[in-house]
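Trainee: need coordinates for the following:
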Amino acid sequence: MGIAQTDSANAELGSHPYSALPDRAIWRKAVAETHALRLENLYKKKFDISPQTTIATAGSCFAQHVATSLKKNGFAFRDFEPAPSLFPPQQAKSYNYGVYSARYCNIYSARQLLQTFDRAFGRFAPAEQAWRKGDGVVDPFRPLLEPEPFSSVAELERSRQSHYAAVRDLFTKTDVFVFTLGMTEAWIAKSDGAVFPLCPGTVAGRFNESDYEFKNFNYFEIFEDLVAIITRWREINANIKFVFTVSPVPLTATKSDDHVLAASLYSKSVLRAVAGHLSNEADFVDYFPSYEIIAAPSGRGIFYDPNLRTVTPAGVDYVMSHFFKQHSDDTPAAATTVIRPIEIGDHEIVCEEMMQAQELGYA
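Mentor: Sure, this is the predicted structure:
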């Protein structure tokens, strides 16, 4: 009688939801006992990306690697603002041609992305139109767009209007938008809330406490900004789909009162939580775990350069291999399952935050 009761109890215990978990759900099997380069099933796509799918990218510095990998592996990455036909190819990147799908430079925050949309469609006209740099002027929202400043505000405005036209094209003609969230910290104008990619006065312009303030966006603000951009975008492009990811690159410096390590983890954790929330709520929003692949304990730091900040070419290739394994059957490259790695020259990125840090002596 006692034995029968024990067997019955064991049978009941064996029927709980954790009794038949797949290996990918168990830390010991999926992580601790698996080599960092043999992790599997980290990413499962929510929708197909076919050879005809027009893909556009934007985001922080790490997003440039995503764009390069997509182009090299047979995806229909679209450049809506290509370099002029007579422009020397070797100089294109220094003028921010081909870095992203348009020359908006690095977009570090959700608010910056939202305001990019609003500026392009005439919904927001920031009071600050130009920053002085040397004998010329630069765009406050693209301060490192070109190696040299514009000679006049009129020249800057012509470039800006051409850029806005390309951005409007991007918003109306893109099928899948891959956005890499970079950080929660930003500097904004007190007068109208305009968000800048860099602190005024570091690489151009002049800093005045009465004009600018530091902002560390919280979860709710970032969530609302991304919902706003998704809503506005789908009003003009009903079938647009999104792939959100979080940059694994830590902050070069923080203006918060926290240690830079804690500040970086705060930024990444909040961005990861927001991106995951949106992916769970909408079937047209996917989340790709580039942050986890590089920065999680399983990586043991092997994917970072000696500065423990920038990601090695091998790390970028490993991240993107998880993406391509899911989408390889959707692209022309599927016939050969070879993933084309990023070459050393392609690994070089245009990073305003790093340039700011170098200017300040923090890099």
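Trainee: any idea which helix or strand carries residue 229?
Mentor: helix 219-236 (DSSP states H and E).
Trainee: check which residues of that helix are buried.
Mentor: Under the neighbour-count criterion of 16 or more other CB atoms under 10 Å, helix 219-236 has 221-223, 225-230, 232-233 buried. Where you see a C-beta, it was placed from the backbone N, CA and C, and this is true even at glycine.
Trainee: return the member of those nearest to residue 25.
Mentor: Ranked by distance to residue 25 (CB to CB), those are led by residue 223 at 26.8 Å.
Trainee: any low-confidence regions in the stretch 251-363 of the chain?
Mentor: Applying pLDDT under 70 to the stretch 251-363 of the chain picks out residues 329-363.
Trainee: repeat the analysis, applying 90 as the threshold.
Mentor: Counting by pLDDT under 90, the stretch 251-363 of the chain contains low-confidence ranges at 298-300, 328-363.
Trainee: helices of that one, residue ranges please.
Mentor: Taking DSSP state H, counting those that start in this stretch, the helices of the stretch 251-363 of the chain run over residues 260-281, 290-295, 313-327, 344-347, 352-360.
Trainee: and the contacts of the helix holding residue 229?
Mentor: 109-111, 113-114, 117-118, 171-172, 177, 181, 184, 217, 240, 242, 244, 270-271, 273-275, 277-278, 282, 285 (CB atoms under 8 Å, 6 or more residues apart in numbering).
Trainee: give the next helix or strand downstream of it.
Mentor: strand 241-246.
Trainee: adjacent strands (with direction) for that following strand?
Mentor: Applying DSSP bridges to the sheet, strand 241-246 is found paired with strand 176-181 (parallel), strand 285-287 (parallel).
Trainee: who does the helix or strand following the longest one pair up with?
Mentor: Sequence-wise, the next helix or strand beyond strand 176-181 is strand 185-189, with elements assigned using DSSP H and E. Here strand 185-189 is paired, per DSSP bridges, with strand 195-196 (antiparallel), strand 212-216 (antiparallel).
Trainee: most tightly surrounded among the strands paired with strand 241-246?
Mentor: Of all the strands paired with strand 241-246, strand 176-181 carries the top mean neighbour count, a mean of 26, counting by mean count of other CB atoms under 10 Å.
Trainee: what pLDDT, on average, does it get?
Mentor: For strand 176-181, mean pLDDT rounds to 96.
Trainee: pull the CA atoms of it into PDB?
Mentor: Extracted C-alpha coordinates of strand 176-181, given in PDB (Å, rounded to 0.1, in the frame of the first residue of the first chain):
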ATOM      1  CA  VAL A 176      11.800  45.100 -42.700                       C
ATOM      2  CA  PHE A 177      13.600  47.600 -40.500                       C
ATOM      3  CA  VAL A 178      16.500  46.400 -38.300                       C
ATOM      4  CA  PHE A 179      17.100  48.800 -35.400                       C
ATOM      5  CA  THR A 180      19.900  48.400 -32.900                       C
ATOM      6  CA  LEU A 181      19.200  50.100 -29.600                       C
END
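Trainee: what sits up against it?
Mentor: By CB under 8 Å, 6+ apart, strand 176-181 touches 49, 53-60, 62-63, 66, 70, 107, 109-110, 113, 222, 233, 240-247, 271, 274-275, 288, 290.
Trainee: redo that, cut-off 6 Å
Mentor: With CB atoms under 6 Å, 6 or more residues apart in numbering as the test, strand 176-181 has contacts from 49, 53, 55-60, 62-63, 66, 241-247, 271.
Trainee: how far off centre is that strand?
Mentor: Mean-position distance between strand 176-181 and its chain equals 6 Å (CA atoms, centre = their mean, to the nearest Å).
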